[in-house]
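Asks: Sequence plus the predicted model coming up.
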Amino acid sequence: MLKYFFILFFSFGFIHIKAQSENFLVTIQVLNDLKQPLAQAVVRQNEEKKANTNSEGIATLLLPKGKHILVITLKNFEEREIHLNVVSSQTHTIELKKEKKIAEVVITAKEGKGLTSKSVIDRQSMQHLQPSSFADLMELLPGGLSRDPNLSVSNRIVLRENTGGPSSYNTTSLGIQFMIDDNVWNTNANLQTSIDNDQMLQAAASRNTTAIGTDMRTISTNDIEKVEIIRGIPSAAYGDLTSGLVKIERKIGRSPLEARFKADGFSKQYYIGKGFLMNKNWSLNANLDYLDSKQDPTDEFENYQRITASLRSKLITKLWQKPLEWRSNIDFSNNIDKKKYDPDTGYALTDSYTNSNQRVSFTNNFIYKLDAQSIFDKLTLNTAIRQGFEKIEQVKLVQLSGPRALSLATTAGENIGIFPSTRYVAESSTDGKPLDLSIFAQASGTKKLGKFNNQYEIGLDWKYSKNFGKGQQWDLSTPPSATIGTRPREFSDIPAWQNLAFFAGNQMSYNLNQHKFSLYTGLRVSKLLGIDNSFAISKKIFAEPRINFQYNLPHLMIGNYPLKTDVTLGFGILYKQPTLLMLYPNSRFIDYAQVNYYHNDENYRYVNFMTYVQNRENKNLTAAKNIKKEIRLDLSYRGHEFFVTYFREDLNNGFRNTLQTQINSYKSYNTAYIDISQWGENGPDLTNVPYETIREFGNYTITENGSATIKDGIEFGYTSPRIKGINTKFTLTGAWFKTQYRNTVPVLERPSISLGGSSYPYYGIYQSDLGYINENLNYNLIVDTFIPNLGLIVSASLQGSLYNYEKKDERIPEPISYVGLDGIIQPFVESDKTDLYKQWLVRNVSVTDNISTRYTYTIRANFKVTKIIYKNLKTSMFVNRLFNYEHPYYFLGNKIERQTGNKPYFGMELNYNF
């Protein structure tokens with residue numbers, strides 16, 4: 001099929017070249033609406049074939065026989081487009097109308113019309129939105145809705161999903177790469193897991209970022225000039241991602257001293273920044289940002305603070321008589337989560353949780369331009385070094401219900417434990433020092449070969465991550481939990497993470513009469529370095545082909561104005577490599593008390609353990625793979641812009657923690673036979689003490705490629721021109737999302753019953769775990785009015801969901817196999833359903849497992865206003881949920897009234913340019 005496509009394509013090219021052998025003179029006279037000639041108007045067929053009108057308004061072009069489109073432009077006049085069928089020499093008179101300019105502001109995201117689907121958010125849009133962190137910008141994407149900021153928990157990003165699935169499906173957010181000023185924000189060395197996730201209602205678990213990628217709370221928007229969020233297939237230059245790419249471009253160049261203060265119901269934010277012009281070729285930008293947030297303003301014992309500072313330099317100079325642009329940035333960020341109990345609640349005063357995260361980075365970007373005739377006319381070199389200083393500190397009062405025994409062993413085997421105090425203060429910490437290095441080198445060029453215009457790139461991308469922290473630390477005699485299953489580990493002992501990639505790509509464009517074709521083909525090849533040969537991934541090379549194709553149809557003239565139509569298709573394979581924590585998790589320690597002898601006299605207390613150490617490394621772990629496909633239609637007519645995109649994403653081997661088990665054995669001594677008269681320095685004499693050998697399941701978890709996230713959806717958007725007279729613009733965006741979450745590897749479960757006073761002796765191995773189908777249709781209609789004479793921007797939005805549909809998959813009750821205490825996996829057969837023991841392996845699958853819930857429509861009204869008060873002083877305010885309605889829905893025949901989320905959320909800010 002591909003062979004025939006190329007034959008057809010080049011046949012058209014041959015016909016086109018043959019037709020060009022005969023040219024005709026086309027004369028265009030350009031007049032204004034008073035029939036007066038217009039000089040210096042540009043008459044253009046393309047960038048190579050164009051002419052300017054003379055004093056009589058006349059321009060001439062030699063055009064081959066066939067159909068052509070000419071575009072006539074002149075400053076302060078409306079653009080005109082004419083369609084010609086050239087069969088002989090001809091003359092045309094064109095009238096240009098005076099352009100009636102309307103002052104324009106853009107407060108929404110702009111949809112890119114290039115080869116991949118992306119949203120572009122500029123400074124003006126962010127100022128009107130009044131965000132507290134990068135998470136607020138997600139409202140501007142197709143299908144995005146406004147949400148109250150929640151800065152007391154980590155904020156993960158999701159693209160082309162409604163709210164994202166459970167934590168076992170976090171690969172979609174981990175696979176979204178952030179880039180700031182063309183340098184990757186690497187999180188692969190993030191090992192900051194809490195030792196006690198359950199403390200203070202899982203305060204640590206809700207702030208964990210090891211498996212979600214970038215925490216959007218940590219990114220301030222105050223110094224951002226532009227954001228590109230690529231939802232489609234990026235070029236081959238970008239890798240180690242599956243779901244999307246976020247490119248952040250910060251302010252650079254001269255700017256006045258700017259100050260911003262924002263306050264809302266959850267936080268206060270302060271910002272100051274300035275751009276200096278040192279000379280005509282060198283500029284410096286400096287800024288400082290501080291955010292103080294309390295999720296509950298009445299609770300001063302839980303808060304989040306963010307401090308960011310940046311110094312950015314841009315120098316334009318020459319190297320060997322060629323222009324060289326050098327951008328250098330120094331950045332600092334400090335993020336602190338704190339939580340402790342209010343002493344008035346009666347809880348222990350000692351309990352507290354603090355998570356501090358500091359990062360210092362130094363980046364240098366070089367862009368060197370060569371002669372246009374060179375094979376490569378631009379060389380790019382980006383280098384970055386980032387050092388993090390991260391620490392989780394936890395203090396907890398532990399009160400045991402009775403005497404408990406602890407093992408202090410750090411190796412496997414028999415060992416003597418201790419009896420700690422039944423009441424003690426446990427102090428623990430996780431110290432991380434992630435170091436991230438990156439080098440990105442790219443050579444690009446532009447060449448025309450025949451009728452084909454080519455823009456090509458080739459390059460190398462190297463990323464390095466290593467954590468030099470002290471790791472998880474606590475006193476083994478006073479652990480945060482009496483049943484803790486790990487031991488202290490230093491992060492510096494973990495090998496470094498390295499990824500080396502080579503990429504090449506070419507964007508080819510071809511014009512055939514009124515048709516234009518653009519095709520990007522790229523390939524990225526990557527490999528993890530420094531991985532031990534025992535890991536299967538150490539031998540794998542990952543190839544990622546990327547293809548984007550766009551067809552610009554001939555313009556259809558409607559009322560002397562062109563209707564522009566573009567059709568774009570994309571296909572790509574993208575990989576996200578496992579992180580350091582996935583490759584090298586901490587070992588699991590399982591302690592079995594063989595002798596637990598507690599005497600009133602502490603001199604005769606003795607506990608003996610058998611300790612097993614389970615390595616949790618999964619040697620078969622590989623990169624998560626996402627296959628992306630999309631097709632997009634773009635229409636444009638007289639300032640009306642419309643797009644609709646259908647996409648499909650298949651990620652079938654995402655990362656997931658799965659339960660594993662092994663059979664452990666230990667001795668259980670009968671302590672009634674211990675003779676304290678035979679007590680020695682190392683405890684009792686166990687020679688004549690009878691014991692029983694016990695076999696038990698030892699459970700642990702590993703990371704597997706065990707989750708599937710399948711996305712289907714349709715994104716759409718419409719933007720009107722700003723209506724004259726009332727300066728009002730309408731923007732409608734929305735999306736239909738359908739996401740399926742399922743496990744792809746068998747799961748272990750054991751019935752929570754005991755038989756004969758003993759634990760159940762089998763684990764069932766089941767094909768399916770809980771799966772989910774989430775589907776919704778969101779909309780967002782924004783009406784904004786700009787009154788330049790008053791310096792006033794007013795916008796109102798109606799947004800919500802037409803419906804939300806949620807459904808859990810029906811689980812299969814019977815296991816596919818089972819494992820007993822002999823460690824042998826046996827198939828589950830029909831007769832096992834009536835076996836005295838094995839019948840309990842048939843799960844009680846509730847009738848509610850497969851019940852679906854369809855929520856009806858919601859309507860929410862938001863209001864925002866920005867006003868210039870005096871010269872450079874500007875104020876903004878917003879009210880979200882000024883009106884909120886959630887239509888009742890029916891569940892199992894019962895009418896459910898919804899009253900959640902009806903409270904308005906409001907805030908205001910002041911901006912001053914000195």
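Replies: Happy to help now that I have it. Remember, it's a predicted structure, so these values are computed and weren't measured experimentally.

Asks: Look through this structure and report the residue furthest from the middle.
Replies: Here the chain reaches farthest from its C-alpha mean at S677, the gap being 66.2 Å by CA atoms, centre = their mean.

Asks: Would you confirm that it belongs to a strand?
Replies: No - S677: not assigned to a strand; according to DSSP: H, G, I helix; E, B strand; the rest coil it is helix.

Asks: Could you pull out the strands in the stretch 351-500 of the chain for me?
Replies: Assigned by DSSP state E, counting those that start in this stretch, the strands in the stretch 351-500 of the chain fall at 352-369, 378-399, 413-416, 423-432, 434-449, 452-467, 471-474, 497-512.

Asks: One more: the stretch 101-250 of the chain?
Replies: 110-111, 118-122, 176-180, 183-184, 224-230, 244-250.

Asks: Listing request: residues of the stretch 751-900 of the chain with sub-threshold pLDDT.
Replies: For the stretch 751-900 of the chain, the stretches with pLDDT under 70 are 847, 900.

Asks: how about the strands in it?
Replies: Assignment of strands within the stretch 751-900 of the chain using DSSP E, counting those that start in this stretch yields the ranges 754-755, 758-759, 762-766, 772-787, 792-808, 817-820, 825-827, 852-855, 858-870, 873-886, 889-891, 894-896.

Asks: Go ahead and flag the most central residue of the protein.
Replies: Nearest to the chain centroid, counting by CA atoms, centre = their mean: I176, 3.3 Å.

Asks: wait, isn't it in contact with M216?
Replies: No - using CB atoms under 8 Å, I176 is not in contact with M216; the gap is 10.1 Å. Heads up, the C-betas are built off the backbone N, CA and C, glycines and all.

Asks: Which residues are in contact with the residue nearest to L529 when sequence neighbours are not counted?
Replies: The shortest distance from L529 to any residue other than its chain neighbours is 4.0 Å, reached at Q498 (CB to CB, 6 or more residues apart in numbering). Counting by CB atoms under 8 Å, 6 or more residues apart in numbering, Q498 touches 462-465, 528-530.

Asks: out of these, which is most surrounded?
Replies: The most crowded member of these, judged by other CB atoms under 10 Å, is K463 (23 neighbours).

Asks: show me what contacts that residue?
Replies: So K463 contacts 184, 186, 188, 240, 436-438, 497-499 (CB under 8 Å, 6+ apart).

Asks: what does H640 give?
Replies: 718-721.

Asks: Filter those down to just the buried residues.
Replies: Among the contacts of H640, those classed as buried by 16 or more other CB atoms under 10 Å are 718-720.

Asks: For those, give me a markdown table that also has pLDDT.
Replies: Shown next, in a markdown table, are these (pLDDT from 0 to 100):
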| residue | pLDDT |
| --- | --- |
| Y718 | 97 |
| T719 | 96 |
| S720 | 94 |
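
Asks: ok, of those, which one's closest to Y290?
Replies: The closest of the buried ones among the contacts of H640 to Y290 turns out to be T719 (CB to CB; 35.5 Å).

Asks: Could you find the closest non-adjacent residue to that closest one?
Replies: Nearest residue to T719 in three dimensions, chain neighbours excluded: E641, at 4.5 Å (CB to CB, 6+ apart).

Asks: from what I can see that neighbour touches T108, true?
Replies: No - using CB under 8 Å, E641 and T108 do not qualify as a contacting pair, with a distance of 11.1 Å.

Asks: can you count the residues close to the residue nearest to T719?
Replies: Number of residues near E641 (other CB under 10 Å) recorded here: 18.

Asks: Equivalent analysis for N705, please.
Replies: Counted with other CB under 10 Å, the neighbours of N705 add up to 22.

Asks: Quick check: it touching G654?
Replies: Yes - between N705 and G654 there is a contact at 7.0 Å, judged by CB under 8 Å.

Asks: So what's the gap between stretch 726-738 and the chain middle?
Replies: Centroid separation between stretch 726-738 and its chain, computed with CA atoms, centre = their mean, to the nearest Å, is 23 Å.

Asks: do stretch 421-437 as well
Replies: On CA atoms, centre = their mean, the centre of stretch 421-437 falls 28 Å from that of its chain.

Asks: For it, which residues meet the burial criterion?
Replies: 424, 426, 428-437.

Asks: With stretch 160-173 instead?
Replies: Using 16+ other CB under 10 Å as the test for burial, stretch 160-173 gives 160-162, 164-165, 168-173.

Asks: List just the nearest of those residues to N862.
Replies: Closest to N862 out of the buried residues of stretch 160-173 is N162 (18.6 Å), distances taken as CB to CB.

Asks: show me the contacts for the nearest residue to that closest one once chain neighbours are set aside.
Replies: Leaving out its chain neighbours, the residue that sits closest to N162 by CB to CB, 6+ apart is N776, at 4.9 Å. For N776, the contact set (CB under 8 Å, 6+ apart) comprises 162, 736-737, 801, 803-805.

Asks: For PyMOL, write a command that selects the buried ones of these.
Replies: One line in PyMOL is enough to select the buried ones among the contacts of N776; burial here means 16+ other CB under 10 Å:
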select buried, resi 162+736+737+801+803+804
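
Asks: Save the contacts of N776 as JSON lines, and put in distance to Y584 too.
Replies: As requested, the contacts of N776 are exported to JSON lines (distance: CB to CB, whole Å):
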{"residue": "N162", "distance to Y584": "34"}
{"residue": "W736", "distance to Y584": "41"}
{"residue": "F737", "distance to Y584": "35"}
{"residue": "S801", "distance to Y584": "42"}
{"residue": "Y803", "distance to Y584": "44"}
{"residue": "N804", "distance to Y584": "40"}
{"residue": "Y805", "distance to Y584": "40"}
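
Asks: Let me know the pLDDT of the residue farthest from the centre of the chain.
Replies: We have a pLDDT of 85 for S677.

Asks: next one: A203
Replies: Predicted confidence (pLDDT) for A203: 77.

Asks: one step back: spit out the contact partners of the residue nearest to the centre of the chain.
Replies: 157-159, 213-214, 241-246.

Asks: any idea how far L792 lies from N657?
Replies: Distance, L792 to N657, using CB to CB, to the nearest Å: 53 Å.

Asks: Those two: who's more crowded?
Replies: Between L792 and N657, counted using other CB under 10 Å, N657 has the larger neighbour count: 17 against 14.

Asks: Reduced to three states, what does that one come out as?
Replies: With three-state DSSP as the basis, N657 sits in strand.
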